[in-house]
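Peer 1: need a structure here:
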Amino acid sequence: VQLVESGGGLVQPGGSLRLSCAASGFTFSNYGMSWYRQAPGKERELVAAISSGGGNTNYADSVKGRFTISRDNAKHTVYLQMNNLKPEDTAVYYCAASPHYYTEFSEYEYWGQGTQVTVSS
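Peer 2: Residues are numbered from 1 along each chain as shown. Just a heads-up that it's a prediction; the model follows:
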């Protein structure tokens, strides 16, 4: 099983990034997918979640209206489009897979290695 994130980097405030997470080794279309992030000294927090078929999504209040989660089951990939980025969005971003949608942290079976997002001028 692998979840491989990409697309992170350094961006100025107000800028955009698109993260991708390519999955392999499990039946991707049967799993809810989420993006988490962890800033230095802080706990890992849920950013966005999407159901297995893509019909349901959920967002942290701090990113609503700025971030969009989506998935392409044919490509076994989940995305996070991040617009109007703020310095407080700086963190390592992880994708995670669970048999359940928008579930408890402990229910996630697979995790990626993370990709760094830094928002700074």
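
Peer 1: how many other residues sit next to the nearest residue in space to G15 that is not next to it in sequence?
Peer 2: Leaving aside its sequence neighbours, G15 sits nearest to L85 (C-beta to C-beta, 6 or more residues apart in numbering; 5.4 Å). The C-beta positions use only the backbone N, C-alpha and C, and glycine is treated the same way. L85 has 22 neighbours, counted by other C-beta atoms under 10 Å.

Peer 1: So which residue is dead centre in this structure?
Peer 2: Nearest to the mean C-alpha position of the chain, counting by C-alpha atoms, centre = their mean, stands W35 at 2.3 Å.

Peer 1: Please name the bridge partners of it.
Peer 2: Residues in a beta bridge with W35, per DSSP bridges, are A48, C95.

Peer 1: Would you mind measuring from it to S121?
Peer 2: Going from W35 to S121 by C-beta to C-beta, to the nearest Å gives 24 Å.

Peer 1: my guess is N73 contacts G54, does it?
Peer 2: Yes: counting by C-beta atoms under 8 Å, a contact exists between N73 and G54, whose distance comes to 7.3 Å.

Peer 1: show me the contacts for the residue of the chain positioned farthest from its centre.
Peer 2: Among the C-alpha atoms of the chain, the one most distant from their mean position (C-alpha atoms, centre = their mean) is that of S121, at 23.3 Å. With contacts defined as C-beta atoms under 8 Å, 6 or more residues apart in numbering, the neighbours of S121 are Q12, P13.

Peer 1: any chance you could map the strands in this protein?
Peer 2: For the chain, strands defined by DSSP state E occupy the ranges 2-6, 9-11, 17-24, 32-38, 45-50, 57-59, 67-72, 77-82, 91-98, 110-111, 115-119.

Peer 1: possible to save the ones you listed as TSV with mean pLDDT and distance to E104?
Peer 2: TSV is the format used below for those (pLDDT from 0 to 100; distance: least, C-beta to C-beta, whole Å):
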stretch	mean pLDDT	distance to E104
strand 2-6	97	18
strand 9-11	98	31
strand 17-24	98	20
strand 32-38	97	11
strand 45-50	97	10
strand 57-59	97	13
strand 67-72	98	18
strand 77-82	98	19
strand 91-98	97	9
strand 110-111	96	14
strand 115-119	98	23
